[in-house]
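Peer 1: curious how this folds, go ahead:
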Amino acid sequence: MKRLLMLMMVVVATTVLGQESETAWIKTEPIRYTEMNYQLSGYGVMVASPEAQFNANSPRQGQIGKVYVLPGKKIKKGEPLFELITAASVLKGFNQAELQLKTAKKEFERIQRLYQDNLASNSQLANAKKALFDAESSLNAEIKLGNNIQREIIRSPFSGIVTMISVESGMRVQPAQSAVTVIADKGLYFQMGILPELVSSISVNTPVHISSVFDPGIIINGHIKYITGMVDQTTGLVNLFIDVNDSHLSPGMRMQGNIEINLGKKWQVPRSAVLSDDQGYYIFQIRNNHAKRINVQAKEYDDITVIDGPFDKELPVVVLGNYELKEGMAVKVTQ
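Peer 2: Predicted structure coming up:
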């Protein structure tokens with residue numbers, strides 16, 4: 001009888017110990033339903049808008065006499081960029097056009113006198129007049145191209161920054177060859193990228209606070225000007241272009257952008273509350289001191305995760321110890 005009683009005590013003790021080993025200590029927090037204000041931060045670079053970029057090209061064939069600027073130099077409207085010495089062959093073309101006009105004028109005057117004396121026909125007068133018109137047109141075209149200018153100084157049409165110089169003194173150039181590139185003072189955009197799923201949370205004219213990577217204390221206010229309609233294949237982000245009216249910035253500067261996004265009211269839990277496996281995201285809630293798994297949809301925003309799904313909004317969510325839990329497992333909550 002004593003032996004049977006001792007055996008029953010061992011079985012009971014073993015059962016109690018087994019139950020104890022299946023009890024997990026956890027920590028919980030309530031699920032919050034509040035306004036979700038998310039600060040979207042990203043890094044980017046100052047770039048020039050196409051309409052603010054001026055390419056000072058060589059207007060005609062010639063040779064660079066002097067370059068007046070350096071890359072990165074800030075210049076004012078009308079400041080000289082480079083000097084062009086027109087090629088002798090171009091000047092020769094102008095001189096020939098000028099000579100042809102003089103010859104055509106003399107010929108027309110001669111035919112006109114003969115016509116008045118009934119010594120030239122109507123067709124001869126018409127041909128002389130056409131030759132005069134053609135010679136005038138040719139000379140005007142040469143003048144319009146500037147082929148009558150021996151030396152010309154090319155100047156900037158606006159105040160800005162020199163970003164590129166493609167020529168040097170003594171270099172021979174062809175018509176329309178790129179020489180100097182200038183970007184207008186207020187023609188810069190801040191380009192930054194955001195995750196594609198956040199694009200729906202912003203719009204054109206959304207305010208953006210921009211700060212220098214090297215001096216975060218300097219804040220520049222701007223607003224979104226353009227939102228691209230495609231994902232950058234290199235970064236996997238959607239590019240934004242922020243309009244910045246600040247003449248102290250320069251192309252290529254690295255900056256940080258911060259955008260305040262209001263996502264409306266959302267169910268929020270700490271990031272540690274959400275787990276994942278091959279079935280997707282899930283959380284654990286406690287009902288009658290036992291763990292209950294609930295599959296959810298989740299999106300992370302820094303340390304906060306927004307969830308949606310068939311969870312009980314009145315029950316807390318497990319934030320610590322959830323990695324050890326299984327469906328129906330007994331738990332004890334630690335403070």
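Peer 1: quick one: secondary structure of A126?
Peer 2: Look at A126: counting by DSSP: H, G, I helix; E, B strand; the rest coil, its state is helix.
Peer 1: number of nearby residues for it?
Peer 2: A126 has 11 neighbours, counted by other CB atoms under 10 Å. C-betas here are computed from N, CA, C, even on glycine.
Peer 1: just Y33 next, same as before
Peer 2: 11.
Peer 1: pLDDT at it, what is it?
Peer 2: We note a pLDDT of 93 for Y33 in this prediction.
Peer 1: do the same with L198
Peer 2: pLDDT at L198 comes out at 83.
Peer 1: same check, this time on V12
Peer 2: 41.
Peer 1: report the central residue of this protein.
Peer 2: Residue closest to the average C-alpha location in the chain (CA atoms, centre = their mean): Q191, at 2.9 Å.
Peer 1: so that residue is in which element?
Peer 2: Taking DSSP states H and E as the criterion, Q191 maps to strand 188-194.
Peer 1: other SSEs contacting that strand?
Peer 2: With contacts defined as 3 or more CB pairs under 8 Å, 6 or more residues apart in numbering; DSSP states H and E, strand 188-194 has these neighbours: strand 32-48, strand 219-231, strand 238-243, strand 254-270.
Peer 1: need the winner for burial among the ones you listed.
Peer 2: Stretch with highest mean neighbour count among the helices and strands packed on strand 188-194: strand 238-243 (a mean of 21; mean count of other CB atoms under 10 Å).
Peer 1: who touches that strand?
Peer 2: Here strand 238-243 makes contact (CB atoms under 8 Å, 6 or more residues apart in numbering) with 47, 49, 189-196, 199, 202, 208, 210, 222-228, 230-232, 257.
Peer 1: what's the answer for stretch 145-154, then?
Peer 2: 56, 59-60, 65, 80-86, 90-91, 93-94, 142, 179-180.
Peer 1: filter the residues you listed down to the buried ones, ChimeraX style.
Peer 2: Per 16 or more other CB atoms under 10 Å, the buried members of these correspond to this ChimeraX selection:
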select :56,59,60,81,82,83,84,85,86,90,91,93,94,142,179,180
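Peer 1: quick check: which ranges of the protein have low pLDDT?
Peer 2: With pLDDT under 70 as the threshold, the chain has low-confidence stretches at 1-21, 246-247, 335.
Peer 1: follow-up on the earlier one: mind listing what the strand holding Q191 pairs with, with the direction of each?
Peer 2: strand 32-48 (antiparallel), strand 238-243 (antiparallel) (DSSP bridges).
Peer 1: for Y323, find the nearest of those strands.
Peer 2: Y323 lies closest to strand 32-48 among those, at 22.4 Å (CB to CB).
Peer 1: for the helix ranked longest in the chain, buried residues please.
Peer 2: Longest helix in the chain, counting residues (DSSP state H): helix 88-116. Buried residues in helix 88-116, counted by 16+ other CB under 10 Å: V90, L91, G93, F94, A97, E98, Q100, L101, A104, F108, I111.
Peer 1: can you check stretch 314-323 too?
Peer 2: By 16+ other CB under 10 Å, the buried positions in stretch 314-323 come out as P316, V317, V318, V319, G321, N322.
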